[in-house]
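Novice: can't give you the sequence, but here's the structure:
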């Protein structure tokens, strides 16, 4: 009889633990092999799970399981369809006018980490652009390059009349200043668009060569112009965060912020470096490394676009913060 009481007590204890355990749903619109999983979702889960003895975990729902549209990720978090999600401000650029400064050519020097620039500017200049959420990570991609199919780009004149995919409105202005026709679409549509000739190329980071298999349909790459970067966020529903016990909020705070952002950006850069090296080694691609003089021609072509955008959004102080000035 006493043994039965022991088993019953153990069962009740296990039941109580199960009830108290909290699983946070992380929406990922890309497949599980994408860089976001190993650099953000998995380390976030490992750290908060360890810090809370498994009382709080993070589970990735990949391939758009919680909703397929890349542009709707932020809204899904605000509405509570997901507890966390990652995305690109560029997909809804009107919501992030000052955050988008980070994507401008020459806004952030090529040798400066983008995550540091974004967090430095966040409290005073960017926080109002993230309503209803708590940002867990802010970072940028590796610097953008030209990824083209059957077109070699050595000067802005080479872009005349070409259809180039861009992520958002800011990048569209840049593409137009360079003489190209911008075509805005999510990155997961670029493969088919390049393959079918709907677009001639894309201005984005080299990590997409492996993350989205663009190396299979592109064959010319131009490196060295400061064409800006892509900005990214990982956000959590603010009300969900606020409702967690204090120790779980502390665990999330410790696992996120600057360190998680660095993990993401380092991974993007590593993926990009490996993908670009593979493109060089393949033997059937053209890889163009611009000289300083050639790169300056691109910078000169987009200078007025950059200045006018910053002025339009009143972003002079935000830009200065991003640059550490």
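Specialist: Arrived safely. All values derive from a computational prediction rather than experimental measurement.

Novice: following the lowest-mean-pLDDT helix or strand in the chain, which helix or strand comes up?
Specialist: Every helix and strand of the chain was ranked by mean pLDDT, DSSP states H and E. The lowest is helix 2-20, at a mean of 48. Next helix or strand after helix 2-20 toward the C-terminus (DSSP states H and E): strand 22-27.

Novice: what is the mean pLDDT for that following strand?
Specialist: For strand 22-27, the mean pLDDT works out to 98.

Novice: now the helices for the stretch 151-300 of the chain?
Specialist: 169-177, 190-196, 208-211, 238-243, 246-255, 258-282, 292-312 (DSSP state H, counting those that start in this stretch).

Novice: now distance to residue 323, mean pLDDT and mean neighbour count too, for the ones you listed, in CSV please.
Specialist: Every C-beta, even on glycine, is put in place using the N, C-alpha and C of the backbone. Below are these laid out as CSV (distance: least, CB to CB, whole Å; pLDDT from 0 to 100; neighbours: other CB atoms under 10 Å):
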stretch, distance to residue 323, mean pLDDT, mean neighbour count
helix 169-177, 17, 88, 22
helix 190-196, 30, 98, 17
helix 208-211, 26, 91, 23
helix 238-243, 29, 98, 14
helix 246-255, 27, 98, 16
helix 258-282, 17, 96, 18
helix 292-312, 11, 95, 15
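
Novice: residue 125: which of these is closest?
Specialist: helix 292-312 (11.8 Å; CB to CB).

Novice: mind checking how far that closest one is from the chain centre?
Specialist: 23 Å (CA atoms, centre = their mean, to the nearest Å).

Novice: where are the low-confidence patches of the stretch 1-150 of the chain?
Specialist: 1-20 (pLDDT under 70).

Novice: chain center to stretch 311-322: distance?
Specialist: Distance, centroid of stretch 311-322 to centroid of chain: 21 Å (CA atoms, centre = their mean).

Novice: buried residues in it, which are they?
Specialist: For stretch 311-322, a neighbour-count test (16 or more other CB atoms under 10 Å) marks 313, 315, 318, 319, 321, 322 as buried.

Novice: would you confirm that the third one contacts residue 104?
Specialist: Looking back up the chat, that one is residue 318. No: with contact defined as CB atoms under 8 Å, residue 318 does not count as touching residue 104 (11.0 Å).

Novice: residues in contact with residue 202?
Specialist: 146, 147, 148, 164, 165, 166, 190, 194, 208, 214, 218 (CB atoms under 8 Å, 6 or more residues apart in numbering).

Novice: go ahead and confirm residue 261 touches residue 119.
Specialist: Yes: shown here, residue 261 and residue 119 form a contact pair, counting by CB under 8 Å, at 6.7 Å.

Novice: quick one on the thing from earlier: distance to residue 42 added to the helices of the stretch 151-300 of the chain, as JSON lines?
Specialist: Shown next, in JSON lines, are the helices of the stretch 151-300 of the chain (distance: least, CB to CB, whole Å):
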{"stretch": "helix 169-177", "distance to residue 42": "30"}
{"stretch": "helix 190-196", "distance to residue 42": "25"}
{"stretch": "helix 208-211", "distance to residue 42": "16"}
{"stretch": "helix 238-243", "distance to residue 42": "20"}
{"stretch": "helix 246-255", "distance to residue 42": "11"}
{"stretch": "helix 258-282", "distance to residue 42": "10"}
{"stretch": "helix 292-312", "distance to residue 42": "36"}
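
Novice: wait, residue 30 touches residue 60, no?
Specialist: No: the criterion here is CB under 8 Å, and residue 30 misses it with residue 60 at 10.1 Å.

Novice: tell me which of the two has more neighbours.
Specialist: residue 60 (21 against 18; other CB atoms under 10 Å).

Novice: now name the helix or strand holding the more buried one.
Specialist: Going by DSSP H and E, residue 60 is in strand 56-61.

Novice: within its sheet, name the partner strands of that strand and how each one runs.
Specialist: Strand 56-61 has the following strand partners under DSSP bridges: strand 22-27 (parallel).

Novice: got the angle for the strand it pairs with vs helix 246-255?
Specialist: 40 degrees (axes from the mean of the first three to the mean of the last three CA atoms, to 10 degrees).

Novice: buried ones in strand 22-27?
Specialist: Applying 16+ other CB under 10 Å to strand 22-27 flags 22, 24, 25, 26, 27 as buried.

Novice: residue contacts, the last one?
Specialist: The neighbours of residue 27, taking CB under 8 Å, 6+ apart as the test, are 61, 64-67, 73, 76-77, 81-82, 84-86.

Novice: also the second one?
Specialist: With contacts defined as CB under 8 Å, 6+ apart, the neighbours of residue 24 are 56, 57, 58, 59, 83, 84, 236, 240.

Novice: try it again at 10 Å.
Specialist: 44-45, 48, 56-59, 82-84, 236-237, 240-241, 244, 248, 252 (CB atoms under 10 Å, 6 or more residues apart in numbering).
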